[in-house]
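Novice: Got a sequence here, can you model it:
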Amino acid sequence: RGAPPSRALAAARMLVPRALCLLAALAAGPALAEDYGTPDVFGQFAEPLHVPPAYANATAPDDVLASFPPSFAFGLASAPAHVEDGLEDAWLEHARGGHVAAWSHVPRAHERNRFWSEPEIELDIVRDAGVTLLRMGVDWARLVPSARASDVGTIDEEAWKHYARTLHACRERGLRVMLTLFHHSLPPWLGEVGGWTNQSSVAHFSTFARAVLSRVAADEGLRDNLHSVVTVNEPNVFAGMTYCARAWPPARDPPSAVEAAHCVTPWGDYASAMARMADAHHAARRVAKEVGLAHVPVGVAHHVPSFDAATLADRPAQRAAETLAVFWFHDLVASACDFTGINYYGREILAGGGLAMPLSEEYSEAGRSVYPEGLYRMLRAFHKRSPNVPIYITENGVADATDRLRAPYLLEHLLAVRAAMDAGVDVRAYVFWTIADNWEWADGYCPKFGLVDVLRTPEGIEWVKRPSYELFRQVVTAGTGKPGAGGRITRGQRDAAWTQLQLAVRRKERRPFCRADDGATALDHAKQRPFSRRDWRYGYHMGPQAAPLRRDRRRGRAAERALVNGTYWAGVAERMDAGWREITAAFYGREDGGAGGAEPRAGPAADWGAALGTPKLAEARAWLFGPDAPGSSGDRGLISAVGLDDLRTWLRSAGGNATAFLHGQASASEPAARRDGGAGDEWGASVWRAHKAAVEWAQDVADHRTS
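Specialist: Numbering: from 1, shown residues only. Sure, this is the predicted structure:
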């Protein structure tokens, strides 16, 4: 008595609750694992991952890993609350009230992406990307500004005419429309009376759907160009964030633990909102058939993360999350869906009642673990649940301001889609989120999801295409540049995208991250997070099914190192070319050297040689060969042993006669003018040939044309 508890008692106090959780997980896990496509209590999957042989066997850069038929639709997506200016909606009020992160300090935040006043900017971007499908929405609050208007069945006709012009502009650009009716933005007048927890919401939504769809059906051009209709986007997310977390408008005080727990009970607001949205979907689908759109597929876009548990004790939380988020709404509307829409972004690892954010995992800026295999497993799970219903990938994307993650993320998730199709899943469309960086709900402008960077300044807004935009265009047009040609992914594209990311890893680069350590709290200003070293490519992650790719990975160690060197060489080629142009511009006032009879700005040839040889070649040699003298055996991994002697010879030759390059012209294969008489012409020819050969050789290595 009075003595501290024994070690055995302390251990029992710690282990008994965990044992009870484990027993619950043992009871629930095996029964539910097959349905949810997630690990059971022992971390095992009900079925192996399907890895098509081409993923491991393709070796040449031009070898095709995956292809998609011309009938497969590729698209891009946005939503009114993300991109429309001039929109006095609940989200703008929410942001002005201080409930949206990364918003108040962002220039022109209220203008969003100007899709209302200047829709042609992003429509042209979508068209030029080579897709045939645009997922866009019409805002409920803009069209039905009051409860009275909804009661009498009227809409803002001027606003509708504006939407109609935008929809016709899509048709003129060869873009079919996937039209979303509700995308996380309730009219304020409905939110004030409980939104989706109010029974009247179903009638109001049915009236809104009839007003929109009847007008589309009455316009032959719009009717024929309508690809599909998404009635409700991510109902589980809206219900959870609005009524349980109380983080979305209308803003209220954060819930207590008791209120949050009550919300997810069968008689709480979550279940009520889900039931109302399901009723609204059924009503909207009936409306579509009644107004003459019976040929148009109608469905729902489900948000389906791949849940996992950090420990065995977290398995019950995993099962609870899956029960709430994965099939709940699907089962309410499955009988009235012409397609199943899947919004997949990544994995969520649960730990201690919250989210784990281990540095070993790769995460997007929005706090989602990058996990392509999860998309395959979600597709299989929904296919088994509704085997006769086709699937559209209605959203898939990654928040990544650096654009390092986006290229491999895109390719690896498309490889997961192709693998699922090979395994019998009827996937007919892939829509990438999103066109350009925009307002990301309560996260504001911090996460950068766009293929296009949006630069906001007090003076204006500028759209700048990222490198991943061009890769996306190449993939979705099968390399032809023509929309509707089908999609194609090559080994070279996959290797190059992954290598660029690995270079960032090796350089220990850091990137923005928009989540606090709890994984849920949005940040006003992004913090920095390192890239993960984990190999998250499709088929490489875990399990015996990855054995073929593991063998490929071991077999390709040397090839991977050569690929990294080749990627560096692509940078070498670019740097050499830029350096020569900078030098010639400095001395001749133009980048093409002495072409066209231009005279040097000043100074004798000897001075030019000194200026060129000292800062420029010394810097280039040190960067290529390391800090030692040129020609030494040391290198920093920039230059592979293959071709090194040839390059040394070229650079030594160039170093001895560099001034001659200034007497020729950089835009031709041979110098066209003699500036100092005598040997200058010969030097120019020699140095230009050496420079050109070095650049071409470096590019050959980068393209895998040189062994």
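Novice: what's the distance between the spatially closest residue to G487 that is not a sequence neighbour and R165?
Specialist: With sequence-adjacent residues excluded and distances taken as CB to CB, 6 or more residues apart in numbering, G487 is closest to F68, at 3.7 Å. Every C-beta, even on glycine, is put in place using the N, C-alpha and C of the backbone. Separation of F68 from R165 (CB to CB, to the nearest Å) stands at 32 Å.
Novice: what does L350 give?
Specialist: 46 Å.
Novice: Look at the two and report which has more neighbours.
Specialist: L350 (22 against 10; other CB atoms under 10 Å).
Novice: Show the backbone phi and psi for the more buried one.
Specialist: phi -90, psi 140 (degrees, to the nearest 10).
Novice: For it, give me its contacts.
Specialist: 307-310, 314, 317-318, 321, 356 (CB atoms under 8 Å, 6 or more residues apart in numbering).
Novice: Where do the strands of the stretch 451-600 of the chain begin and end?
Specialist: Using DSSP state E, counting those that start in this stretch, the strands of the stretch 451-600 of the chain run over 452-457, 460-465, 487-490, 510-515, 522-530.
Novice: can you give me how far the third one is from the chain middle?
Specialist: In this case it means strand 487-490. Distance, stretch centre to chain centre, for strand 487-490: 17 Å (CA atoms, centre = their mean, to the nearest Å).
Novice: cool, and the last one?
Specialist: Here strand 522-530 shows a centroid-to-chain-centroid distance of 18 Å under the convention CA atoms, centre = their mean.
Novice: go on, stretch 278-291?
Specialist: Using CA atoms, centre = their mean, the offset of stretch 278-291 from its chain centre is 32 Å.
Novice: Please apply the same query to stretch 162-180.
Specialist: From the chain centre to the centre of stretch 162-180 is a distance of 24 Å (CA atoms, centre = their mean).
Novice: Could you tell me which residues within that stretch count as buried?
Specialist: By 16 or more other CB atoms under 10 Å, the buried positions in stretch 162-180 come out as 162-164, 166-167, 170, 175-180.
Novice: remind me which residues of the stretch 451-600 of the chain are low pLDDT?
Specialist: For the stretch 451-600 of the chain, applying pLDDT under 70 flags the ranges 541-600.
Novice: make that the chain, sorry
Specialist: Applying pLDDT under 70 to the chain flags residues 1-35, 541-707.
Novice: ok, back up a step: where's the residue nearest to G487 relative to P145, distance?
Specialist: As defined by CB to CB, F68 lies at a distance of 42 Å from P145.
Novice: ok, those two, which is more surrounded?
Specialist: Taking other CB under 10 Å, F68 and P145 do not tie; F68 has more neighbours (22 against 18).
Novice: on that earlier part again, buried deepest among the strands of the stretch 451-600 of the chain, which one?
Specialist: Among those, ranked by average contacts under mean count of other CB atoms under 10 Å, first place goes to strand 487-490 (a mean of 23).
Novice: So in that sheet, which strands flank that strand, and in what orientation?
Specialist: Using DSSP bridges, the strands paired with strand 487-490 are strand 64-68 (antiparallel).
Novice: Next, the buried residues of the strand it pairs with.
Specialist: For strand 64-68, burial by neighbour count (16+ other CB under 10 Å) applies to 65-66, 68.
Novice: can you list these in JSON lines and add distance to R537?
Specialist: Converted to JSON lines, those look like this (distance: CB to CB, whole Å):
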{"residue": "L65", "distance to R537": "11"}
{"residue": "A66", "distance to R537": "13"}
{"residue": "F68", "distance to R537": "19"}
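Novice: ok, back up a step: save the buried residues of stretch 162-180 as TSV, and put in secondary structure too.
Specialist: Conversion of these to TSV gives the following (DSSP: H, G, I helix; E, B strand; the rest coil):
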residue	secondary structure
H162	helix
Y163	helix
A164	helix
T166	helix
L167	helix
C170	helix
L175	coil
R176	strand
V177	strand
M178	strand
L179	strand
T180	strand
